[in-house]
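S.K.: Quick check, what structure comes out for this input:
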Amino acid sequence: MAANDHPIRRLYERLLAAWNERNAAAMASVLASDAIVVGFDGSRSGSRAEFEAHLRAIFADHQTGAYVGIIREVHSLTPDVALLQGVAGLVSPGQEDINPATNSIQTVVAVRSGNTWQAVLFQTTPAAWHGRPDDRDALTAELRDVYRRGLTCV
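M.R.: Numbering: from 1, shown residues only. The predicted structure follows:
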């Protein structure tokens with residue numbers, strides 16, 4: 001299976017779309033029951049149910065930005081295990097541009113059971129690029145291009 005056709009790509013796109021829709025149930029639905037999720041702030045959820053409850057609280061109490069993502073690579077580790085690495089930016093509520101302070105590197109590890117792929121790990125790491133403003137600016141420009149084309153993920 002070609003990396004650009006891999007089901008983990010669609011799984012990642014569903015994660016971003018569900019976040020943008022502020023739909024905790026939809027976002028959690030792509031996770032395995034025992035999935036681990038590590039958030040931008042370092043918070044950790046150790047199950048789909050825990051993650052969904054955490055997201056419900058976030059969506060109830062906070063305005064959240066909209067994700068824009070770029071899939072950098074997909075690796076099939078085995079026929080039933082894959083890893084996706086992407087980059088993401090957020091457009092803050094009421095804003096019209098990517099906020100470079102919230103750029104992140106996102107990693108998804110997914111497994112297949114039958115015909116269904118589910119994430120067993122979803123981790124978001126700040127892309128702070130300390131001491132490397134040119135790298136931060138280049139990433140922001142890439143994400144800005146995706147956003148300006150009206151896309152959620154490429």
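
S.K.: Tell me the residue in this protein that is farthest from the middle.
M.R.: residue 131 (24.7 Å; CA atoms, centre = their mean).

S.K.: Against residue 60, how distant is residue 124?
M.R.: As judged by CB to CB, to the nearest Å, residue 124 and residue 60 stand 20 Å apart. Where you see a C-beta, it was placed from the backbone N, CA and C, and this is true even at glycine.

S.K.: and what of residue 38?
M.R.: Counting by CB to CB, the separation of residue 38 from residue 60 is 21 Å.

S.K.: if you count what's nearby, which of the two comes out ahead?
M.R.: residue 38 (15 against 9; other CB atoms under 10 Å).

S.K.: wait, that one sits on residue 123?
M.R.: Yes. Using CB atoms under 8 Å as the test, residue 38 is close enough to residue 123 to be in contact (4.2 Å).

S.K.: Could you give the average pLDDT over stretch 117-137?
M.R.: What stretch 117-137 shows for mean pLDDT is 96.

S.K.: Which residue ranges of the protein form strands?
M.R.: 31-38, 44-45, 66-78, 81-91, 104-113, 116-126 (DSSP state E).

S.K.: and the last one with strand 104-113, angle?
M.R.: Using axes from the mean of the first three to the mean of the last three CA atoms, to 10 degrees, the interaxial angle of strand 116-126 with respect to strand 104-113 works out to 160 degrees.

S.K.: The third one now?
M.R.: Comparing the axes of strand 66-78 and strand 104-113 via the same axes, to 10 degrees yields an angle of 50 degrees.

S.K.: who's in contact with strand 66-78?
M.R.: 1, 3-4, 6, 8-9, 12-13, 16, 19-20, 82-91, 98, 106, 142-143, 146-147, 151-154 (CB atoms under 8 Å, 6 or more residues apart in numbering).

S.K.: Type out the PyMOL command that picks the buried ones from those residues.
M.R.: Applying 16 or more other CB atoms under 10 Å to these, the buried members can be selected in PyMOL as follows:
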select buried, resi 6+8+9+12+13+16+19+20+82+84+86+87+88+89+90+91+98+106+142+143+146+147+152+153
